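>>> Have a look at this prediction, sequence included:
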Amino acid sequence: MTSRPIDVLVVGGGATGAGLLRDLARRGLRCLLVEKGDMGTGTSGRYHGLLHSGGRYVAKDPLAARECIVENRVLRRIAPACIEDTGGYFVATPDDPDDYVDTFPAACAASDVPSEEVPVAELLRREPSLNRAIRRAFRVPDASLEPWQLIQANLVDARARASDAWSYHRVVGIERSNGHLLAVDVADVRTGSVTRLAVGFVVSAAGAWSGQIAALAGVDLAMSPGKGTMLIYNQRMTDAVINRCHRPSDGDIMVPVHTVAILGTTEIRVDDPDEYEITREEVAGLVAEGAKLFPDLPRMRILRAYAGVRPLYQETGTPGDEDGRAISRAHAVIDHEVRDGVDNLVSIVGGKLTTYRLMAEQTADVVSRKLGISEPCTTADVVLPGQEPGRTYWLGHRLAEHEQAGGGDADLVCECELVTRSMLDAFLDANWPCSLDDVRRGTRLGMGPCQGGFCAFRAAGIVAQRLADRDDGPASDGGRDTTALVDQALRDFLRERFKGSRPIASGRQLQELWMVSGIYSGVLGVDSLPPARLPDLESGEPSRGPR
Ligand SMILES: Cc1cc2nc3c(=O)[nH]c(=O)nc-3n(C[C@H](O)[C@H](O)[C@H](O)COP(=O)(O)OP(=O)(O)OC[C@H]3O[C@@H](n4cnc5c(N)ncnc54)[C@H](O)[C@@H]3O)c2cc1C
């Protein structure tokens, strides 16, 4: 960016912040987004992967349901390459109450969510792993939605319009004079250096962390973070999203995501969005509930557990709502001038990833009105960069592309997710310097059934080669040692991967973990590598049960 002052500083590089940056940039404002980790490492990178049809909310939250189906259609238009059109079903197991099941079609119709009852036998033919005792089934337009590609596409569009986005930059202080924010202090988490940015306007899109950003501005914003745990299975036991037809609860939805399937979720209130753990009891509870949909689930292999924190917001507590499920999934745009007397701060809280664009639009409307900008929102109509209209992705797309390019094993770095050497090189070229975890989010390397066991050391080797070949790389930078840098990158990656394996380490997955541990500790000896004299490539923050 040039030295012209920033019109709007957006805090938070999740889907909402990225969508907001795009929206404001398209209205002619010059904006900067800052994100304390890699883009999409907050809740947006740790969610369930569902493009909601709205079906889950029709009974309890019709507004949220209606917003979901509207945005579901918008995203299919503007971001098709981020969507696998799996379709979805709400199924009535013997445990689900008749009154909920009987009123489900009418509730869908009332919120404009298309639903159609299908013969159970037909669904069982299509999804043979489902419980044979299912009584009724309704088809809805649920789908699977890839978050990181979506976030990047929004950022690319914003960057083409004189705005920018900085990853690994954390807001650490805000200077306020009376009812006006003057400057924001942003720390580079890799080097520790702090930059003071003069700001015209600040929007907090910090999700579950919004209360912390508000506090830096001297404003009290009561968030009610709700932790949700999910389990990743090593196979797709279903090709469609399967929901239980009852009031949303734990372990009642399975979402196929690329080569795996994800069972979720729990909902437990936490005080701090960075401090929580995943317990074995939660895992056991999820499996027991999930088995009502897929009876063989207890015998299937869980790859890992991870959790995200819902950015739920409520001004006052909902009586009797200990777990937070009664708080609306809808969102709130908070103008802190009206609420707290701070004239250039807005927060956007709550919502879902499915509705990120709508949340951004409504927030940008408020900001534009306050700044006297009359440009309308265009984000619902203009297709995002790199998203060919009408082309959703499908499970076999990488294999088809690989075979078209000649196929064979030689070029594959990650066999599970079919990440080729050229894909890895292209990512490193565009994003260097980056960690192996950034590579994982950008390419899906290490996200398949082996969880990095057979590909992490190859990727580390390729990074080492790249560092050695570069004249301007860290090898020649102030005495930094290339080998130590790569060792550390590998250790960081494995540490993150293994954390998610701990709560599910039993049975066949424990055998798999022993084998991977044998490769890295026994053969490669990563535990005895000398400690690196380097700044951490990651933010160094506490674990949140990584995805
Ligand atoms: C378990 C679970 C499952 C879910 N499943 C679904 C689903 O299937 N479908 C769906 O549509 N929605 C789902 N959601 C909801 C959805 O994931 C969230 O609503 C959405 O991702 C929130 O996006 P966001 O950009 O608002 O927040 P985030 O993605 O959390 O972004 C906020 C960002 O702010 C950054 N930040 C915080 N503090 C600072 C600071 N000081 N400086 C700089 N940056 C900072 C954080 O690092 C973070 O990246 C789920 C949520 C959970 C918890």
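Happy to help now that I have it. No experiment lies behind these values; they were computed from the predicted model shown.

>>> my guess is residue 378 contacts residue 26, does it?
Yes - contact criterion Cβ atoms under 8 Å: residue 378 and residue 26 qualify, at 5.3 Å. Glycine gets a C-beta too; all of them are placed from N, C-alpha and C.

>>> of these two, who's got more company?
More neighbours surround residue 26 than the other of residue 378 and residue 26, with 20 against 12 (other Cβ atoms under 10 Å).

>>> mind listing what that one touches?
157, 158, 161, 375, 377, 378, 379, 382 (Cβ atoms under 8 Å, 6 or more residues apart in numbering).

>>> make it 7 Å
By Cβ atoms under 7 Å, 6 or more residues apart in numbering, the residues touching residue 26 are 161, 378, 379.

>>> any idea where the helices of the stretch 101-250 of the chain begin and end?
Using DSSP state H, counting those that start in this stretch, the helices of the stretch 101-250 of the chain run over residues 120-126, 147-159, 210-216.

>>> Show me what the first one is packed up against.
To tie it back to what came earlier, the one meant is helix 120-126. Secondary-structure packing of helix 120-126 (3 or more Cβ pairs under 7 Å, 6 or more residues apart in numbering; DSSP states H and E): strand 136-140.

>>> same check, this time on the second one
Here helix 147-159 touches helix 15-26, going by 3+ Cβ pairs under 7 Å, 6+ apart.

>>> how about a cut-off of 8 Å?
helix 15-26, strand 31-34, strand 164-166, helix 436-443 (3 or more Cβ pairs under 8 Å, 6 or more residues apart in numbering; DSSP states H and E).

>>> Tell me which of these sits nearest to residue 46.
Nearest of these to residue 46, taken as Cβ to Cβ: helix 436-443 at 10.8 Å.

>>> I'd like the average pLDDT over the helix or strand just after that closest one.
Using DSSP states H and E, the helix or strand that follows helix 436-443 in sequence is helix 456-469. What helix 456-469 shows for mean pLDDT is 85.

>>> Quick check: residues of the stretch 1-150 of the chain near the ligand?
11-17, 34-37, 41-44, 47-50, 52 (Cβ under 6 Å from any ligand atom).

>>> I should have written the chain there, sorry.
Residues of the chain lying near the ligand (Cβ under 6 Å from any ligand atom): 11-17, 34-37, 41-44, 47-50, 52, 170-171, 205-209, 212-213, 228, 265, 308-311, 351-354.

>>> most neighbours per residue, which of the helices and strands packed on helix 147-159?
Mean neighbours per residue, mean count of other Cβ atoms under 10 Å, is largest over these for helix 15-26, with a mean of 30.

>>> Just the mean pLDDT for that helix, thanks.
Rounded mean pLDDT across helix 15-26 is 98.

>>> Report the angle between that helix and helix 147-159.
If you take axes from the mean of the first three to the mean of the last three Cα atoms, to 10 degrees, helix 15-26 sits at 20 degrees to helix 147-159.

>>> i'd like the first residue to be 759 from this point on
Got it, the first residue is 759 from now on, which makes the last one we talked about helix 773-784.

>>> Give the buried residues for the helix or strand containing residue 1268.
If you go by DSSP H and E, residue 1268 is part of helix 1265-1275. Using 16 or more other Cβ atoms under 10 Å as the test for burial, helix 1265-1275 gives 1267, 1270, 1271, 1274, 1275.

>>> From the residues you listed, pick the one nearest the ligand.
residue 1267 (21.1 Å; Cβ to the nearest ligand atom).

>>> where does this structure have low pLDDT?
Residues of the chain meeting the criterion pLDDT under 70: 759-762, 1073-1087, 1228-1239, 1288-1305.

>>> Mind naming the longest strand for it?
If you go by DSSP state E, the chain has its longest strand at strand 952-962.

>>> Which other helices and strands does that one contact?
strand 764-769, strand 927-935, strand 938-946, helix 968-974, strand 1103-1108, helix 1114-1129.

>>> Which two of the buried residues of helix 1265-1275 have the greatest separation?
1267 and 1275 (12.3 Å).

>>> ok, now which ones touch residue 961?
Contacts of residue 961 (Cβ under 8 Å, 6+ apart): 766, 767, 768, 769, 778, 1103, 1104, 1105, 1106, 1121, 1125.

>>> Between those residues, which sits nearest residue 1035?
Nearest to residue 1035 out of the contacts of residue 961 is residue 769 (Cβ to Cβ; 26.7 Å).

>>> separation between the closest one and residue 1109?
16 Å (Cβ to Cβ, to the nearest Å).

>>> Mind jotting down where the helices sit in the stretch 1059-1208 of the chain?
1094-1098, 1114-1129, 1155-1162, 1179-1189, 1194-1201.

>>> Would you tell me which one of those helices is buried the most?
helix 1194-1201 (a mean of 25).

>>> can you give me how far it is from the chain middle?
Centre-to-centre, helix 1194-1201 and its host chain are 13 Å apart (Cα atoms, centre = their mean, to the nearest Å).

>>> Tabulate the CA atom coordinates of stretch 1255-1273 in CSV.
Only the C-alpha atoms of stretch 1255-1273 are listed here, as CSV (Å, rounded to 0.1, in the frame of the first residue of the first chain):
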residue,chain,number,x,y,z
ARG,A,1255,-1.4,-32.7,13.6
PHE,A,1256,-0.7,-34.8,16.6
LYS,A,1257,-2.7,-32.5,19.0
GLY,A,1258,-5.9,-33.4,17.2
SER,A,1259,-5.1,-37.1,17.4
ARG,A,1260,-4.7,-37.2,21.2
PRO,A,1261,-8.5,-37.3,22.2
ILE,A,1262,-9.2,-40.1,19.7
ALA,A,1263,-6.0,-42.2,20.2
SER,A,1264,-7.4,-45.7,20.6
GLY,A,1265,-8.0,-48.8,18.6
ARG,A,1266,-7.0,-48.8,15.0
GLN,A,1267,-6.1,-45.1,15.0
LEU,A,1268,-3.7,-45.7,17.9
GLN,A,1269,-1.9,-48.3,15.6
GLU,A,1270,-1.7,-45.7,12.9
LEU,A,1271,-0.3,-43.1,15.3
TRP,A,1272,2.4,-45.6,16.5
MET,A,1273,3.4,-46.2,12.9
